[in-house]
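Undergrad: From the sequence below, what's the structure:
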Amino acid sequence: MSTPHPTYEQLAGLPAYTRQPVPVAFEDVNGHLNVRHYLGIASEGLDESLVSLGITQNWPIASGHACFSAEHHLTYLTELRTGSTLSARVRLLGRSERAAHVIVYLLDETHETLSYVMEEIFLHIDMSTRRTAPWPDDVAANLDARIAEDARLPFESPTSGSLALR
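TA: This is a model prediction of the structure:
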């Protein structure tokens, strides 16, 4: 039996990213957030969470580095209805020389539930070659510090078991 996902109450203590109401434009015929937007909003939350680690939105232009997604595992738990407020919460799990492993949770703030879980492996890319490269030392140190901080959280974040750092 797998460990259940963290609760809304446990995740609500993490920094909130991309906090916003579910827009009408993102609604599907079922009256909730269309499946294609979950990934996009979770990715935006991840991007926002990486800024403080030195991975800024202009990183490719400013320094010739980028992050590319390599793998995802997506779990839909409860629907996000139009007008409900959502937020993303991010937990870094680990990193290797050229990659990182993360879980992003989308919370339904209106109904105080965990709605969606995105597990991802993302890669550090040298934009001059468009190939993976070792993390810059400062970013690696910042990732390590955040990973250690997140490892001390008082709850588990089970993974899918289908993604792993190599």
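Undergrad: before we move on, which element is the residue sitting furthest away from the middle of the chain in?
TA: The centre of the chain is farthest from one residue, V29, which by C-alpha atoms, centre = their mean lies 26.6 Å away. For V29, there is no enclosing helix or strand under DSSP states H and E.
Undergrad: what's the answer for G13, then?
TA: Judged by DSSP H and E, G13 forms part of no helix or strand.
Undergrad: Contacts only, for the residue nearest the centre of the chain.
TA: Taking C-alpha atoms, centre = their mean, the centroid of the chain lies closest to V104, which sits 3.3 Å from it. Contacts for V104 (C-beta atoms under 8 Å, 6 or more residues apart in numbering) come out as A42, S43, G45, L46, A88, R89, V90, R91, V117, M118, E119, E120. Any C-beta I mention is one placed from the backbone N, CA and C, and that applies to glycine too.
Undergrad: Swap in 7 Å and give it another go.
TA: A42, G45, L46, A88, V90, M118, E120 (C-beta atoms under 7 Å, 6 or more residues apart in numbering).
Undergrad: Would you check how far apart it and A88 are?
TA: 6 Å (C-beta to C-beta, to the nearest Å).
Undergrad: what does stretch 60-70 rub up against?
TA: 55-56, 59, 99, 120-128, 136.
Undergrad: let's see 8 Å
TA: 43, 50, 55-56, 59, 99, 120-128, 133, 136, 139.
Undergrad: so how far does that stretch reach from one end to the other?
TA: By C-alpha to C-alpha, to the nearest Å, the extent of stretch 60-70 from end to end equals 17 Å.
Undergrad: For that stretch, what is the distance to the chain centroid?
TA: Its chain's average C-alpha position is 16 Å from that of stretch 60-70, according to C-alpha atoms, centre = their mean, to the nearest Å.
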